[in-house]
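# Whatever this is, show me its structure:
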Amino acid sequence: MTQPPRTSLGFFLTPPHKCGYLPERNAVTIFVDPRRTPNVRSYTALSQHGFRRSGDHVYRPQCPECTACVAVRVPVDEFALKRAQRRTLARNSDITLIPKAPVFQREHYALYERYIAARHTGGSMENPEPASYLEFLTATWADTVFYEFRAGSRLLAVAVVDHLDDGLSAVYTFFDPAETSRSLGRLAILKQIELARALQLRWLYLGYWIEDCQKMSYKKEYRPLEYLQGGEWRREE
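Numbers count the residues shown, from 1 in each chain. Predicted coordinates:
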């Protein structure tokens, strides 16, 4: 497995713990030492090696007997819309994308609560608090933007996005669970691809894909897609 990039950051491994994606398995995670603060440049290098962040914490699965978690990214200049994706964009032609600072806004949080209640009942994310909401989505050292998706004055979705030196990193998206016909989660990815192109960035980092996890199957809809395997990014058209 690929080694972390050589930076001034430190790393440590967790003991085995229950996997959050495949509950029947144990996981080991490598973390950037939280006593040392990354920046956009070092986080860009870490993203190129399959790391993600949750709040201020930067991590990557490092399981000795499992390689199910595969970091994936979209080469945005080569991405080509499929018919279904064109229909998604057409259905949402009334939506405007508005960048906002990564700070607490009551309207955002109310939407987040509705989304979590509909999509993550019974899980660790259920019944969020305002402090834990921002701790999860933001990092003191990251260049993070909350992109609002609005139809007129109505807030339909928020995509939390980190701006890197070579791309965008899709941190999290939450949306109105009642608007199923709009496919807002898929729309958020399409709009981030458009945004990365407009900013002349190469990649949209989508986090991890797991073949046996149905909730992650949507990531394969965006082609070509690159997978980090054996320390090398490999492309699937």
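# Identify the spatial nearest neighbour of residue 174, chain neighbours not counted.
Leaving aside its chain neighbours, residue 174 sits nearest to residue 115 (4.0 Å; criterion: C-beta to C-beta, 6 or more residues apart in numbering). For glycine as for every other residue, the C-beta is placed from the backbone atoms N, C-alpha and C.
# Please work out how many residues are found near that neighbour.
When neighbours are defined as other C-beta atoms under 10 Å, residue 115 has 21 of them.
# On the three-state scheme, residue 196 is what?
Secondary structure, DSSP: H, G, I helix; E, B strand; the rest coil: residue 196 is helix.
# Can you read off the pLDDT for it?
pLDDT recorded at residue 196 is 98.
# And residue 1, by the same measure?
47.
# again, but for residue 125
Reported pLDDT for residue 125: 67.
# Just the terminal-to-terminal distance for stretch 88-106.
Start-to-end span of stretch 88-106 (C-alpha to C-alpha, to the nearest Å) is 28 Å.
# Now do the buried residues in it.
88-89, 92, 95, 97, 102 (16 or more other C-beta atoms under 10 Å).
# Show me what it is in contact with.
The contact list for stretch 88-106, computed with C-beta atoms under 8 Å, 6 or more residues apart in numbering, reads 81, 108, 130, 133-134, 137-138, 144-152, 156, 160, 181-184, 186-187, 190-191, 195.
# and with 6 Å instead?
134, 138, 144-151, 182-183, 186-187, 191 (C-beta atoms under 6 Å, 6 or more residues apart in numbering).
# how far out from the middle of the chain is that stretch?
16 Å (C-alpha atoms, centre = their mean, to the nearest Å).
# Can you show me the strands along this structure?
11-13, 17-18, 26-27, 29-32, 52-54, 57-61, 70-75, 95-100, 144-151, 154-163, 167-175, 203-209, 225-229, 232-236 (DSSP state E).
# ok, and what's touching the third one?
Think strand 26-27. 16-17, 19, 63.
# picking that back up, just put the buried residues of stretch 88-106 in JSON lines and tack on distance to residue 34 and pLDDT.
Conversion of those to JSON lines gives the following (distance: C-beta to C-beta, whole Å; pLDDT from 0 to 100):
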{"residue": "88", "distance to residue 34": "38", "pLDDT": "98"}
{"residue": "89", "distance to residue 34": "40", "pLDDT": "98"}
{"residue": "92", "distance to residue 34": "39", "pLDDT": "98"}
{"residue": "95", "distance to residue 34": "37", "pLDDT": "98"}
{"residue": "97", "distance to residue 34": "33", "pLDDT": "98"}
{"residue": "102", "distance to residue 34": "19", "pLDDT": "98"}
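# Now these in a markdown table, please, with extra columns for distance to residue 221.
A markdown table is the format used below for these (distance: C-beta to C-beta, whole Å):
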| residue | distance to residue 221 |
| --- | --- |
| 88 | 10 |
| 89 | 13 |
| 92 | 16 |
| 95 | 19 |
| 97 | 20 |
| 102 | 27 |
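# right, and the strands of the chain - which one's nearest residue 219?
strand 203-209 (4.7 Å; C-beta to C-beta).
# Only the buried members of the contacts of stretch 88-106: can you turn that into a ChimeraX selection?
Buried residues among the contacts of stretch 88-106 (16+ other C-beta under 10 Å), as a ChimeraX selection:
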select :138,144,145,146,147,148,149,151,182,183,186,187,191
